[in-house]
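Enquirer: Provide a 3D model corresponding to the input given below.
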Amino acid sequence: MDDDERMPVSADVDLGRAALLPDIDRPGAWLLTLDGSPQSYVDLDDPAYLEFEYARRLAHVVDLASREGLPVDAVHLGGGALSLPRYTAVTRPGSRQYVAELDAGLTALVRRHLPLPAGASVTVEAADARAALAARPASSADVVLADVFRGALTPAHLTSVEFVAEAARVLRPGGRYAANVADGGALGFLRGQVATARAVLPHVCVIAEPEHLAGSRFANAVLVAGRAALPVAELTRRAAADTYPAVVLSGAELAAFAAGHDAVTDATATGSPAPPRGVFGTG
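Expert: Alright, predicted model coming up:
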């Protein structure tokens, strides 16, 4: 796309007002917002470039899902501008990817203006993330990535033991579930999500910035879980080397972090907390 064609695009979609905003610092890059909240960042010239910290941490999970460069079967819950499917397509060519994105209008806008990399095998279905997950075959995915927000909030039905159990059912024995979890302050929501994942899967870790874990700011953490041992040492190395360095909590340290918090069930689930005004472009 020529520079003179890189004009902002906005449209009403199924769940709000979407905008595609060109990044003046990167000629092929675009920011997707929904009702003013940033949702995705895509660089068409370099699909492996990930602007958002949490997206890079989810990408670490993809990177470590198998030997470097080998294709994987991936389930993405939440599509947005398809940042992680693009990343997976170029770093693991031949990967088969399924995306559940509730907003069909948003997907149409993205596909019209931000084409996928050549050769990418990505199927996008207009579906609720949990319903779509329940319809996936058992033991069919190497990674299940949950990055679902309605505006700036994760819906309650995607935070429970029953939801994580569906993800576990879809994973192969060595597969990994990873979720983008937004929280701040005392981090009660994140602690509850850790307890929830630990109730279903035996191996769990959390990737987050130290300032976030200290409760000094509202931010995104990435929760990772699986039946088999997680590559904690390599995740730690990669997270520490990121532009915004993060740490990895696991084992006894993670158990202490979640102590006193019950696993969330469908009967007790609530959505993620709303960010303070001005965070993530809200307010």
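Enquirer: for the stretch 51-200 of the chain, what spans make up the strands?
Expert: For the stretch 51-200 of the chain, applying DSSP state E, counting those that start in this stretch gives strands covering 73-77, 96-100, 121-125, 141-146, 171-183.
Enquirer: If I take the last one and strand 141-146, what angle do their directions form?
Expert: When you say that, I think you mean strand 171-183. 20 degrees (axes from the mean of the first three to the mean of the last three CA atoms, to 10 degrees).
Enquirer: going forward, begin numbering at 46 instead of 1
Expert: Happy to do that; since the first residue is 46 now, the last one works out to strand 216-228.
Enquirer: partners of strand 216-228, with directions?
Expert: Each strand paired with strand 216-228, and its direction, by DSSP bridges: strand 186-191 (parallel), strand 264-271 (antiparallel).
Enquirer: May I have the shortest one as PDB, with CA atoms only?
Expert: In other words, strand 186-191. C-alpha atoms of strand 186-191 as PDB (Å, rounded to 0.1, in the frame of the first residue of the first chain):
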ATOM      1  CA  ALA A 186      -4.300 -28.400  19.000                       C
ATOM      2  CA  ASP A 187      -0.800 -27.700  20.000                       C
ATOM      3  CA  VAL A 188      -1.700 -24.200  21.400                       C
ATOM      4  CA  VAL A 189      -4.900 -22.600  22.400                       C
ATOM      5  CA  LEU A 190      -4.500 -18.800  22.800                       C
ATOM      6  CA  ALA A 191      -7.200 -16.800  24.500                       C
END
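Enquirer: picking that back up, for A145, which of the strands paired with strand 216-228 is the nearest?
Expert: strand 186-191 (9.8 Å; CB to CB). Using the backbone N, CA and C atoms, a C-beta is placed for each residue, glycine as well.
Enquirer: Just to check, V309 is in contact with L203?
Expert: No. The pair V309 / L203 is not scored as a contact, 10.5 Å apart, by CB atoms under 8 Å.
Enquirer: hmm, back to that, make JSON lines out of the strands paired with strand 216-228 and add mean neighbour count and mean pLDDT.
Expert: Below are the strands paired with strand 216-228 laid out as JSON lines (neighbours: other CB atoms under 10 Å; pLDDT from 0 to 100):
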{"stretch": "strand 186-191", "mean neighbour count": "26", "mean pLDDT": "98"}
{"stretch": "strand 264-271", "mean neighbour count": "25", "mean pLDDT": "98"}
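Enquirer: Same list (those strands) but as a markdown table, adding distance to P92.
Expert: Converted to a markdown table, the strands paired with strand 216-228 look like this (distance: least, CB to CB, whole Å):
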| stretch | distance to P92 |
| --- | --- |
| strand 186-191 | 16 |
| strand 264-271 | 20 |
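Enquirer: Can you name the residues that contact S317?
Expert: 194, 198-199, 204, 226-228, 234 (CB atoms under 8 Å, 6 or more residues apart in numbering).
Enquirer: please redo it, this time with the cut-off set to 6 Å
Expert: Listed by CB atoms under 6 Å, 6 or more residues apart in numbering, the contact partners of S317 are 198-199, 227, 234.
Enquirer: Where does confidence bottom out across these?
Expert: Among those, L198 has the lowest pLDDT, at 91.
Enquirer: what about the helices in the stretch 146-295 of the chain?
Expert: In the stretch 146-295 of the chain, the segments counted as helices under DSSP state H, counting those that start in this stretch are 149-158, 174-180, 206-215, 233-245, 255-258, 277-285.
Enquirer: Which one of the contacts of S317 is nearest to V87?
Expert: The closest of the contacts of S317, once distances to V87 are taken by CB to CB, is A227, at 20.3 Å.
Enquirer: For the closest one, give me its contacts.
Expert: 265, 317 are the contacts of A227 under CB under 6 Å, 6+ apart.
Enquirer: can you tell me how far it sits from D59?
Expert: Taking CB to CB, to the nearest Å as the measure, A227 falls 22 Å from D59.
Enquirer: What is the neighbour count of E50?
Expert: For E50, the count of nearby residues is 7 (other CB atoms under 10 Å).
Enquirer: what number of residues lie near the closest residue in space to A308 that isn't next to it in sequence?
Expert: The spatially closest residue to A308, leaving aside those adjacent along the chain, is A244, at 3.9 Å (CB to CB, 6 or more residues apart in numbering). Number of residues near A244 (other CB under 10 Å) recorded here: 16.
Enquirer: these two touch, right, A244 and S205?
Expert: No. If you go by CB atoms under 6 Å, A244 and S205 don't touch, sitting 9.9 Å apart.
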